[in-house]
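S.K.: 3D model of this:
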Amino acid sequence: MAEDFTGFAVDKSNPFLVVVQCLYMVADEAAIKAAAGSKGASGLRPCLRCNAVYGQQTNLRGFPSISEDDYRRFVIQSDQDVKDTMTFLQQHADRPTRLKEKLSGWHLVPESFVMDATCKKFLQPSRVQYDAMHIYFSNGIVGQELGLIFSAAMDAGLNQEALGNFLALPWAAPQSKKIAAFQLRELAKLLKRGSDFKGDASQTLHMLPLMAFFSSEVLSGIEALSLQCASLEKLNLVCLQIQASKQNAKAANGLSDAQRSHFQAFKAAYASEAARPKHHYAFHLEAQVAASACMLDCFTCERKNKKFISIAENIVKLQDFEKSVLLRWLEADAEQCLRLTEDMPDHEVLSSPSALLPPDVLGEHVTISKCMYCPWGTISAGDFFLEGQDAAYKILACMLRDGSGEVLALQHDRLLSRGPEMSWSKWSNGNRAVLIPVEIVMHMAAVSFACADDGQIYLLR
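M.R.: Residues are numbered from 1 along each chain as shown. Here you go, the predicted structure:
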């Protein structure tokens, strides 16, 4: 272990040493419990970071419940507090310490990193971060609430066919989401009365903006569902802020207040008994972003893990297994690169009315593509972006001119109506094309789904 943390060489031709000075651990609760020795959701004190206790134990003086929405009441555990706790448990290892363990929220696990002298130099308990993906999207808060509002809507007399018809509308998603219309209709089948939404993290991420808009446009008209609709709307706003903070850490400022507003609405709709430990863990996300200067989550790791599994399960020869997997993985990524950067014939761009095109768009030293790589992802023809309330843009083509990236976009500049924080918006159809530098597009809000209807277009963030 010590050798691993000393450093590692990069670039064999002219090697230099990279030294590890600080580590952060981002994982789901099961991994955190196994690596750190914390008790997690199964313990009286489920939280690794503070003194919150499980909801049924609200009679413990000085220990706020996980259903507490005032995050200012939580007392954060320092690394020294954890060290003192583990020292006490070690000193009393031969005596009955069950009550002390129960109240501490920790197990005495010699193999955990909090007990490893080398690990403790680089990874402290304060640098173990709860994962926003697992808190909200992977068997998390969003899945629970989608199931709750669906069950409440069915109890209020909603015909499930209404949701199916809504999802059957011509919703278009960005190329990067890789989800087709028929897959949206399949998502409705993952909603069952009396249970959480059963989709994976990506499916849950897809379903939330659609259900939030369906709630505001259809379910809000049912008086018995007013509280449930209000809670889902606030949850959607929280998730939008989390997504924005992955691009810009400053966007996480005020996240705890938004979470508190949602949690209060959630308890008003479903009662405090419906609160789960993940509702509490979420309150620590803003402080985590402040400490690490970025919103860390497991989406990237999960995507790579799925890719690995999909390739590995088709390889039957075990000889050079790792090399075979990595080579096929590289081939798949290379094919993706070729597909994304495929040149777009001029006539595909020029198929729009010529009056929409700025003069001299096409000329020498200009490469036109269907897609362009950016530091935070890709921009593809057909994607939509929002510039606040001022304008919405549909990407027509990506262009590289003298080494600088630009997009040719159709501008929609007449906002007809909108939801809170532009969570959804309705625009009149665009009437002119503009060129926008990629650096500006990168700071716009991405759109999850778009639906054109009778000269208007609905955009969901």
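S.K.: Can I get the strand or helix carrying residue 266 in CSV? Just the C-alpha atoms.
M.R.: Taking DSSP states H and E as the criterion, residue 266 maps to helix 255-270. In CSV, the C-alpha atoms belonging to helix 255-270 read as follows (Å, rounded to 0.1, in the frame of the first residue of the first chain):
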residue,chain,number,x,y,z
LEU,A,255,-28.1,23.7,-2.8
SER,A,256,-28.8,22.8,0.8
ASP,A,257,-31.5,25.5,0.9
ALA,A,258,-33.1,24.1,-2.2
GLN,A,259,-32.9,20.6,-0.7
ARG,A,260,-34.5,21.8,2.5
SER,A,261,-37.4,23.4,0.5
HIS,A,262,-37.9,20.1,-1.3
PHE,A,263,-37.7,18.0,1.8
GLN,A,264,-40.3,20.1,3.5
ALA,A,265,-42.6,19.7,0.5
PHE,A,266,-41.9,16.0,0.4
LYS,A,267,-42.9,15.6,4.1
ALA,A,268,-46.0,17.6,3.6
ALA,A,269,-47.0,15.3,0.7
TYR,A,270,-46.0,11.9,2.1
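S.K.: Have a look at this protein and report its longest strand.
M.R.: Longest strand in the chain, counting residues (DSSP state E): strand 391-401.
S.K.: so what does the following helix or strand past it touch, helix or strand wise?
M.R.: Proceeding N to C from strand 391-401, the next assigned helix or strand is strand 404-412, under DSSP H and E. Judged by 3 or more CB pairs under 8 Å, 6 or more residues apart in numbering; DSSP states H and E, strand 404-412 is in contact with strand 371-374, strand 391-401, strand 432-437, helix 438-441. Every residue, glycine included, has its C-beta placed from N, CA and C.
S.K.: okay, these, which one's buried deepest?
M.R.: strand 391-401 (a mean of 22; mean count of other CB atoms under 10 Å).
S.K.: now the stretch 201-350 of the chain, which segments are flagged as low pLDDT?
M.R.: Residue ranges of the stretch 201-350 of the chain with pLDDT under 70: 333-350.
S.K.: okay, now the domains of this protein?
M.R.: Structural domains annotated on the chain: 25-126, 134-292, 299-340, 346-460, as defined by automatic domain parsing.
S.K.: Please work out which of those domains is packed deepest.
M.R.: domain 134-292 (a mean of 19).
S.K.: Pull stretch 143-154 out as CSV, backbone CA atoms only.
M.R.: Taking Å, rounded to 0.1, in the frame of the first residue of the first chain, the C-alpha atoms of stretch 143-154 are listed here in CSV:
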residue,chain,number,x,y,z
GLY,A,143,-37.0,6.7,-8.0
GLN,A,144,-38.8,6.7,-4.7
GLU,A,145,-40.7,9.9,-5.4
LEU,A,146,-41.6,8.9,-9.0
GLY,A,147,-43.2,5.8,-7.5
LEU,A,148,-45.0,7.7,-4.8
ILE,A,149,-46.5,10.3,-7.1
PHE,A,150,-47.5,7.6,-9.6
SER,A,151,-49.2,5.6,-6.9
ALA,A,152,-51.0,8.7,-5.6
ALA,A,153,-52.1,9.6,-9.2
MET,A,154,-53.5,6.1,-9.7
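S.K.: From the rest of the structure, what touches that stretch?
M.R.: With CB atoms under 8 Å, 6 or more residues apart in numbering as the test, stretch 143-154 has contacts from 137, 160, 163, 191-199, 204, 207-208, 211, 215, 219, 222, 224-225, 228-229, 231-232, 235, 266, 269-270, 274, 276.
S.K.: try stretch 216-224
M.R.: The contact list for stretch 216-224, computed with CB under 8 Å, 6+ apart, reads 149, 152-153, 156-158, 162, 166, 225-226, 228-229, 233, 419, 424.
S.K.: If we only consider those, which is nearest to residue 397?
M.R.: Ranked by distance to residue 397 (CB to CB), the contacts of stretch 216-224 are led by residue 424 at 26.4 Å.
S.K.: so what pLDDT did the closest one get?
M.R.: Note for residue 424: predicted pLDDT of 93.
S.K.: Give me the phi and psi angles of it.
M.R.: phi -140, psi 150 (degrees, to the nearest 10).
S.K.: And it, how far from residue 382?
M.R.: Applying CB to CB, to the nearest Å, the value for residue 424 to residue 382 is 19 Å.
S.K.: my guess is residue 184 is in a strand, correct?
M.R.: No - checked against DSSP: H, G, I helix; E, B strand; the rest coil, residue 184 lies outside a strand; its state is helix.
S.K.: tell me the contacts of it?
M.R.: 167-168, 171, 206, 210.
S.K.: helix/strand/coil for the residue positioned nearest the centre of the chain?
M.R.: Among the residues of the chain, the one closest to the centroid is residue 133, at 5.1 Å (CA atoms, centre = their mean). Secondary structure state of residue 133, per three-state DSSP, is helix.
S.K.: Next: residue 192.
M.R.: Under three-state DSSP, the three-state class of residue 192 is coil.
S.K.: what's the spacing between stretch 63-79 and its chain's center?
M.R.: Averaging C-alpha positions (CA atoms, centre = their mean, to the nearest Å) puts stretch 63-79 24 Å from its chain's average.
S.K.: which other residues reach it?
M.R.: 45-55, 57-58, 124-126, 256, 259-260, 263-264, 267, 272-273, 275-277, 279-280, 283, 287.
S.K.: what sits against the nearest residue to residue 45 once chain neighbours are set aside?
M.R.: Closest residue to residue 45 in three dimensions, ignoring its sequence neighbours and counting by CB to CB, 6 or more residues apart in numbering: residue 105, at 3.3 Å. With contacts defined as CB under 8 Å, 6+ apart, residue 105 is in contact with 38-39, 43-48.
S.K.: Save these as JSON lines, and put in secondary structure and distance to residue 117 too.
M.R.: Shown next, in JSON lines, are the contacts of residue 105 (DSSP: H, G, I helix; E, B strand; the rest coil; distance: CB to CB, whole Å):
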{"residue": "38", "secondary structure": "strand", "distance to residue 117": "19"}
{"residue": "39", "secondary structure": "coil", "distance to residue 117": "23"}
{"residue": "43", "secondary structure": "coil", "distance to residue 117": "25"}
{"residue": "44", "secondary structure": "coil", "distance to residue 117": "29"}
{"residue": "45", "secondary structure": "coil", "distance to residue 117": "25"}
{"residue": "46", "secondary structure": "coil", "distance to residue 117": "27"}
{"residue": "47", "secondary structure": "coil", "distance to residue 117": "26"}
{"residue": "48", "secondary structure": "coil", "distance to residue 117": "20"}
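S.K.: For those, which two are the farthest from each other?
M.R.: 44 and 48, at 13.6 Å, using CB to CB across these.
S.K.: Just send the domains of the chain back as CSV, with distance to residue 15 too.
M.R.: Below are the domains of the chain laid out as CSV (distance: least, CB to CB, whole Å):
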stretch, distance to residue 15
domain 25-126, 22
domain 134-292, 28
domain 299-340, 22
domain 346-460, 27
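S.K.: for the ones you listed, which one sits closest to residue 18?
M.R.: With CB to CB as the criterion, residue 18 lies closest to domain 25-126 of the domains of the chain, at 13.5 Å.
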